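Chemist: sequence and computational prediction follow.
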Amino acid sequence: MQPLPRENRQKIPGVIATLIAGFELVTRHLWLIALPLIFDVFFWLGPRLSIEDLALEVAEVLRMEETLVELSEQLLEISTQINLFTALSVPIIGVPTLMNGPIPEETPISASVHQIGGTLEWLFIFIGFSLIGIIATVLYLTLISKTIQGNNSWNGGELFRLVRAIFMGTYRLLGLGILFVFALVAITLPLLPIALVLGLLSSNLFIFVLLIGFSIVATYFCLTVPGIIYHGRPILPAVSQSFKIVHKNLLPTINLLVTLVLIGNGINLLWHMADDGSWITLVSLFGHAFIGTALLTTFFIYYRNQSEVQLKELL
């Protein structure tokens with residue numbers, strides 16, 4: 001079929017209109033922020049899994065080599081700031097959380113600390129929490145998708161479909177992660193010689209070149225997750241659709257991504273600056289959960305709009 005003439009194509013809302021739609025939807029369905037808020041409160045006030053003892057064992061081994069003494073000290077310093085429970089927060093696509101970084105210096109109540117004893121224990125816990133985090137991510141994004149679609153019924157059939165969607169979405173996201181790594185390697189390898197040459201001038205230039213490779217892959221893959229979750233597409237069709245939409249709407253997609261990243265990171269910085277270790281931090285956690293959910297909802301609405309136009313052009 002021939003694509004629709006330009007004048008007959010549906011006009012897609014711009015970045016601001018899509019942002020407004022995302023925030024309005026979350027405002028009408030505040031329960032969507034429940035999971036990010038629960039995660040953040042747990043990371044903030046809940047028990048902590050520390051790797052200090054494990055880091056101490058590794059540091060003792062590193063100190064046997066004189067050139068690695070400084071590295072061992074850095075390892076010990078970093079280990080004091082790690083709470084292994086934050087592995088529940090999947091980077092980039094996961095449930096948005098504010099407390100997934102270093103352990104807060106002050107909290108209104110003291111948290112119990114449990115030490116990880118060995119490398120195998122750490123590995124099993126990290127993999128287990130990461131898998132739970134992916135499942136939670138799929139649940140969270142599925143609920144956002146259903147809300148955008150206006151599907152708020154919760155009868156037995158819908159619950160069964162929700163469980164099935166979570167199962168299918170989880171293994172597809174795992175597969176997507178593997179495919180993303182392969183794509184990242186394929187793009188980065190040709191850039192590596194350039195990065196190494198520029199790295200002789202400045203380490204920042206080396207990182208900058210590698211970031212270009214990551215940005216290219218991430219941009220073209222960015223609509224794959226909504227395709228998997230919102231429409232239940234298999235991995236390869238979702239990747240193909242994402243590439244087609246991004247290629248045809250590169251500037252609008254980049255504008256949206258940059259806007260979402262700037263708003264998200266800027267607001268996160270303000271929340272961290274406002275954290276004084278008191279119960280007032282709850283306000284920051286609530287605000288972060290709301291804005292983080294609204295930004296993700298905005299992204300899914302953008303995907304819905306683009307995929308609807310793509311479908312109409314094929315009819």
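Modeler: Arrived safely, thanks for sending. Note that the structure is a prediction, hence the values are computed from the model and not measured.

Chemist: ranges for the helices of the stretch 51-200 of the chain?
Modeler: With DSSP state H, counting those that start in this stretch as the criterion, the stretch 51-200 of the chain has helices at 52-62, 69-79, 119-149, 156-199.

Chemist: point out where the stretch 101-250 of the chain drops to low pLDDT.
Modeler: When residues are selected by pLDDT under 70, those of the stretch 101-250 of the chain lie in 152-157.

Chemist: what is the mean pLDDT for stretch 82-92?
Modeler: Averaging pLDDT along stretch 82-92 yields 89.

Chemist: for that stretch, buried residues please.
Modeler: 82-90 (16 or more other C-beta atoms under 10 Å). Heads up, the C-betas are built off the backbone N, CA and C, glycines and all.

Chemist: same deal with stretch 241-249?
Modeler: 241-242, 245-246, 249.

Chemist: how about the contacts made by residue 81?
Modeler: Counting by C-beta atoms under 8 Å, 6 or more residues apart in numbering, residue 81 touches 102-103.

Chemist: tabulate the buried residues of stretch 241-249 (JSON lines), appending secondary structure.
Modeler: Putting those into JSON lines (DSSP: H, G, I helix; E, B strand; the rest coil) gives the following:
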{"residue": "241", "secondary structure": "helix"}
{"residue": "242", "secondary structure": "helix"}
{"residue": "245", "secondary structure": "helix"}
{"residue": "246", "secondary structure": "helix"}
{"residue": "249", "secondary structure": "coil"}
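
Chemist: save these as CSV, and put in distance to residue 125 too.
Modeler: Formatted as CSV, the entries for the buried residues of stretch 241-249 read as follows, by distance: C-beta to C-beta, whole Å:
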residue, distance to residue 125
241, 36
242, 33
245, 38
246, 37
249, 42
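
Chemist: among those, which one lies nearest to residue 144?
Modeler: Minimum separation from residue 144 among these (C-beta to C-beta) is found for residue 242, which lies at 17.7 Å.

Chemist: contacts only, for that closest one.
Modeler: Contact criterion C-beta under 8 Å, 6+ apart gives 220-224, 227 as the residues in contact with residue 242.

Chemist: out of the residues you listed, who's nearest residue 169?
Modeler: Among these, and counting by C-beta to C-beta, the member closest to residue 169 is residue 227, at 10.9 Å.

Chemist: distance check, the closest one against residue 92.
Modeler: The gap separating residue 227 from residue 92 is 16 Å, by C-beta to C-beta, to the nearest Å.

Chemist: since that was my last question, I'll sign off now.
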